[in-house]
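In: All I have is the shape, not the residue letters:
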Ligand SMILES: [Zn+2]
């Protein structure tokens with residue numbers, strides 16, 4: 001994103017420079033060279049700002065992932081206890097294609113991005129994975145378990161369809 005912005009900014013500066021060079025009359029007091037220096041300075045400033053923005057984004061992502069590691073497991077354990085379920089292990093990962101997963105051994109993996117979701121949606125994803133401790137499939141029986149534990153699950157699934165880019169499994 002920042003790289004695209006940088007390229008767009010440089011292209012914009014170059015086009016402004018070319019336009020000025022084309023339209024300015026030869027006797028104009030500001031030389032094209034001075035303008036080139038000015039535009040180059042703007043371009044360098046733009047690059048510096050873009051690099052800084054990229055660095056800040058990386059930092060805030062790190063903070064967000066740390067918050068996810070801190071906040072998601074206790075909430076999962078809370079929900080597991082509320083439904084009388086036992087989780088053997090919890091991981092918070094940077095999954096590309098899943099919001100969460102559950103293994104037969106009771107190991108639940110959660111996507112750190114859940115920390116940014118509305119609490120109802122985050123809870124639905126956790127309950128979905130917890131119900132896999134009872135059933136490892138997506139059969140009608142499984143969905144009955146989900147509905148009993150999370151009556152508003154359809155709204156959460158709708159939210160994920162509209163806002164989420166990775167899928168639930
Ligand atoms: Zn599933």
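Out: Structure received. It should be emphasised that the depicted structure is a prediction, and the values quoted were computed from it without experimental measurement.

In: Check whether the residue nearest the centre of the chain sits in a helix, strand or coil.
Out: Of all residues in the chain, the one closest to the mean position by Cα atoms, centre = their mean is residue 113, 5.9 Å from it. With DSSP: H, G, I helix; E, B strand; the rest coil as the basis, residue 113 sits in helix.

In: what about it, distance to residue 72?
Out: Using Cβ to Cβ, to the nearest Å, one obtains 10 Å as the distance from residue 113 to residue 72. Bear in mind the C-beta positions are built from the backbone N, C-alpha and C, glycine included.

In: coming back round to it: for residue 50, see how far away the residue nearest to the centre of the chain is.
Out: Shown here: residue 113 relative to residue 50, a distance of 24 Å by Cβ to Cβ.

In: Likewise for residue 146?
Out: Applying Cβ to Cβ, the value for residue 146 to residue 50 is 44 Å.

In: Also residue 98?
Out: Residue 98 sits 32 Å away from residue 50 when distances are taken as Cβ to Cβ.

In: And residue 83, by the same measure?
Out: Using Cβ to Cβ, we find residue 83 at a distance of 47 Å from residue 50.

In: Quick check on those two: which one has the bigger neighbour count.
Out: Neighbours were counted for residue 83 and for residue 50 using other Cβ atoms under 10 Å; residue 50 has more, 20 against 15.
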